[in-house]
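> show me the folded form of this:
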Amino acid sequence: MVLDLLSEPAGALAPWRDPEAYWTARSRAVAPLSGPIATIDLDALRYNALDLVVRSSGVPIRVASKSIRVREVLDATLALDGYAGILAFTLPEALWLAQWYDDIVLGYPTADRAAIASLAADETAVARITLMVDDLAQLDLIDAVAAPSHRGTLRVAIDADASWRAPVLGHIGVRRSPVHDAAEVSRLARGIVARPGFRLVGLMMYEAQIAGQPDDVGPGDPVIRWMQRRSDHELRDRRAAIVAALQEIAPLEFVNGGGTGSLESTSADQAVTETTAGSGLLAGHLFDGYRAFDPAPAAAFALEVVRRPTTDIATVLGGGWVASGPPVSSRQPRPVWPTGLRTLGREGTGEVQTPLQGANARGLRVGDRVWFRHAKSGELAERLDRYHLTRGSELVGETPTYRGEGRSFL
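Numbers count the residues shown, from 1 in each chain. This next block holds a predicted model:
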């Protein structure tokens with residue numbers, strides 16, 4: 001369904017530029033349905049998918065499945081020129097996806113013993129899945145579960161730390177891999193190629209301090225942009241040195257980098273052979289705060305007003321579908337329609353209810369709908385079993401999430 005509809009020409013040009021018309025049309029599309037309702041607007045999804053390709057400047061994009069968690073959206077995206085392969089979150093997810101997809105890179109190391117045993121016993125999955133490692137201890141665990149003599153040769157990639165070790169500021173970025181420079185990565189690579197039953201095929205370096213850091217949100221933006229420029233300059237030199245060192249040890253099939261927020265800078269790095277994006281397809285509200293791009297609000301959800309505790313507060317059922325990261329307001333869903341609504345400082349979005357205050361709260365009645373945008377992307381699919389597909393004011397279909405297919409992964 002998504003594949004067929006996403007291949008059609010888009011409807012009106014950027015209808016989301018007119019919020020009243022856009023959200024009113026979306027409300028009409030789902031009017032007959034009971035809530036809560038998660039929707040994907042197909043014109044917006046197509047716009048985001050094609051915009052990501054332009055931003056990646058011809059460098060293939062690997063789709064981050066944890067940010068989507070809908071197989072039909074993965075199919076539709078991978079059918080577009082400019083996309084190739086999946087970056088999965090966990091090994092159980094990768095094993096499930098390997099039934100249909102032949103190029104899956106695991107984004108993180110695994111200690112799932114049952115999944116490792118399943119991988120070792122599945123020749124097709126062994127050929128299709130690349131494990132991620134940053135420590136020889138991870139190989140020790142794999143060997144303890146499935147010795148090399150009882151399995152095929154496993155494909156592995158190295159996750160090298162892409163954070164910036166600033167001279168004065170210290171560590172800038174997320175805490176991922178323990179290997180940071182070319183010498184450290186080379187020692188790990190030599191240890192991998194010396195181990196029977198493993199084949200080194202790739203390198204990943206995710207620059208979260210660039211890709212995951214909005215730079216158009218407030219007075220601190222100049223400092224953020226300065227940090228990102230300096231970090232990008234340092235990373236290009238270091239990544240080039242790491243790739244050069246690895247190529248003397250093993251032939252690399254891919255060098256992966258970046259995320260939705262850094263496609264321009266990452267794709268310009270000549271050492272990189274592919275980028276990654278996922279959240280930018282459905283476009284949670286965190287991605288509104290970047291100068292380089294302006295995504296369409298493809299995914300959104302509607303909750304129903306169930307009570308009126310005061311004349312200026314309307315309370316919807318549910319809503320606490322919070323994104324990963326620090327426990328701050330930016331990780332919470334944001335009410336977007338009707339306009340002028342805000343959550344209460346002492347409650348925020350709650351698991352059971354979300355009180356909303358503001359000028360337009362006075363006009364909401366029991367049974368009315370409020371539209372929210374989630375912060376990132378994957379958290380919405382973990383809560384609901386399907387997305388309803390809209391195009392303008394039309395309801396054109398539905399598609400199951402992982403949860404709707406009976407799958408629940410970390």
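> can you pull the pLDDT of the residue nearest to residue 291 when sequence neighbours are not counted?
Distance criterion CB to CB, 6 or more residues apart in numbering; nearest residue to residue 291, sequence neighbours excluded, is residue 216 at 4.5 Å. (Glycine included, C-beta is placed from N, CA and C.) We note a pLDDT of 78 for residue 216 in this prediction.
> for residue 216, what are its contacts?
Taking CB atoms under 8 Å, 6 or more residues apart in numbering, we find residue 216 in contact with 289, 290, 291.
> again with residue 358
By CB under 8 Å, 6+ apart, residue 358 lies in contact with 312, 340, 341, 342.
> distance of the closest residue to the last one other than its chain neighbours relative to residue 340?
Nearest in space to residue 342, with sequence neighbours left out and distances taken as CB to CB, 6+ apart, is residue 358 at 5.2 Å. Using CB to CB, to the nearest Å, one gets 4 Å for the distance from residue 358 to residue 340.
> how many neighbouring residues does residue 209 have?
By the measure other CB atoms under 10 Å, the count of residues near residue 209 is 22.
> same deal with residue 218?
Residue 218 has 8 neighbouring residues, counting by other CB under 10 Å.
> just the closest of the contacts of residue 216 to residue 220, please.
Within the contacts of residue 216, the smallest distance to residue 220 is 11.4 Å, found for residue 289 (CB to CB).
> tell me the contacts of the closest one?
Contacts for residue 289 (CB under 8 Å, 6+ apart) come out as 214, 215, 216, 217.
> for the host helix or strand of residue 125, name the packing helices and strands.
Using DSSP states H and E, residue 125 sits in helix 123-128. Here helix 123-128 touches helix 113-120, strand 154-159, going by 3 or more CB pairs under 8 Å, 6 or more residues apart in numbering; DSSP states H and E.
> highest mean neighbour count out of those?
A comparison of those by mean neighbour count, using mean count of other CB atoms under 10 Å, puts strand 154-159 on top with a mean of 24.
> packing partners of the helix or strand following it?
Next helix or strand after strand 154-159 toward the C-terminus (DSSP H and E): strand 164-166. With contacts taken as 3+ CB pairs under 8 Å, 6+ apart, strand 164-166 sits against strand 170-172, helix 221-247.
> name the residues of the last one that come out as buried.
The one in question is helix 221-247. Buried positions in helix 221-247, judged by neighbour count with 16 or more other CB atoms under 10 Å: 224, 227-228, 231-232, 234-236, 238-243, 245-246.
> any idea which of the residues you listed is closest to residue 284?
For the buried residues of helix 221-247, the nearest to residue 284 is residue 224 (19.0 Å; CB to CB).
> didn't that closest one look like it was pressed against residue 218?
No: using CB atoms under 8 Å as the test, residue 224 is too far from residue 218 to be in contact (9.3 Å).
> any idea how far apart the tips of stretch 286-305 sit?
25 Å (CA to CA, to the nearest Å).
> redo the helices and strands packed on helix 123-128 as TSV? Include mean pLDDT.
What follows is these, written out as TSV (pLDDT from 0 to 100):
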stretch	mean pLDDT
helix 113-120	98
strand 154-159	98
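> turn those into TSV, including distance to residue 50.
What follows is the helices and strands packed on helix 123-128, written out as TSV (distance: least, CB to CB, whole Å):
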stretch	distance to residue 50
helix 113-120	35
strand 154-159	28
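> among those, which is nearest residue 52?
The closest approach between residue 52 and any of the helices and strands packed on helix 123-128, judged by CB to CB, belongs to strand 154-159 at 22.1 Å.
> partner strands of the closest one, with direction?
strand 129-133 (parallel), strand 198-205 (parallel) (DSSP bridges).
> tilt between the shortest one and helix 113-120?
This points to strand 129-133. Here strand 129-133 points in a direction 140 degrees away from that of helix 113-120 (axes from the mean of the first three to the mean of the last three CA atoms, to 10 degrees).
> same question for the very next helix or strand once past strand 129-133, mean pLDDT?
Toward the C-terminus, strand 129-133 is succeeded by helix 136-145 as the next helix or strand (DSSP H and E). Averaged across helix 136-145, pLDDT comes to 98.
> what sits up against helix 136-145?
By CB under 8 Å, 6+ apart, the list of residues contacting helix 136-145 from outside reads 109-111, 113, 116-117, 120, 131, 133, 154, 156, 188, 191-192, 195, 197-198.
> how confident was the prediction at residue 80?
96.
> that one touches residue 47, doesn't it?
No: with contact defined as CB under 8 Å, residue 80 does not count as touching residue 47 (12.0 Å).
> the two: who's more crowded?
Taking other CB under 10 Å, residue 80 and residue 47 do not tie; residue 47 has more neighbours (20 against 16).
> quick one, what contacts that one?
Residue 47 makes contact with 10, 14, 295, 296, 298, according to CB under 8 Å, 6+ apart.
> relative to residue 167, which of the helices and strands packed on helix 123-128 is closest?
Nearest to residue 167, of all the helices and strands packed on helix 123-128, is strand 154-159, at 24.5 Å by CB to CB.
> any stretches of the stretch 1-150 of the chain with poor pLDDT?
Where the stretch 1-150 of the chain drops to pLDDT under 70, the residues are 1, 3-5, 7-12.
> can you rerun that using 90?
Along the stretch 1-150 of the chain, segments meeting pLDDT under 90 span 1-14, 35, 150.
> do you have the helices of it handy? List them.
Using DSSP state H, counting those that start in this stretch, the helices assigned to the stretch 1-150 of the chain run over residues 2-6, 19-29, 42-55, 71-78, 91-97, 113-120, 123-128, 136-145.
> need these in CSV with distance to residue 202, can you?
As requested, the helices of the stretch 1-150 of the chain are exported to CSV (distance: least, CB to CB, whole Å):
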stretch, distance to residue 202
helix 2-6, 28
helix 19-29, 40
helix 42-55, 21
helix 71-78, 18
helix 91-97, 14
helix 113-120, 17
helix 123-128, 14
helix 136-145, 15
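> between those helices, which one is nearest to residue 354?
Comparing the helices of the stretch 1-150 of the chain by CB to CB, helix 19-29 comes nearest, at 17.6 Å.
> give the other helices and strands that the closest one contacts.
When contacts are defined as 3+ CB pairs under 8 Å, 6+ apart, helix 19-29 packs onto strand 37-41, strand 334-337, strand 369-373, strand 386-391.
> any buried residues in that helix, and which?
22, 23, 25, 26, 27, 29.
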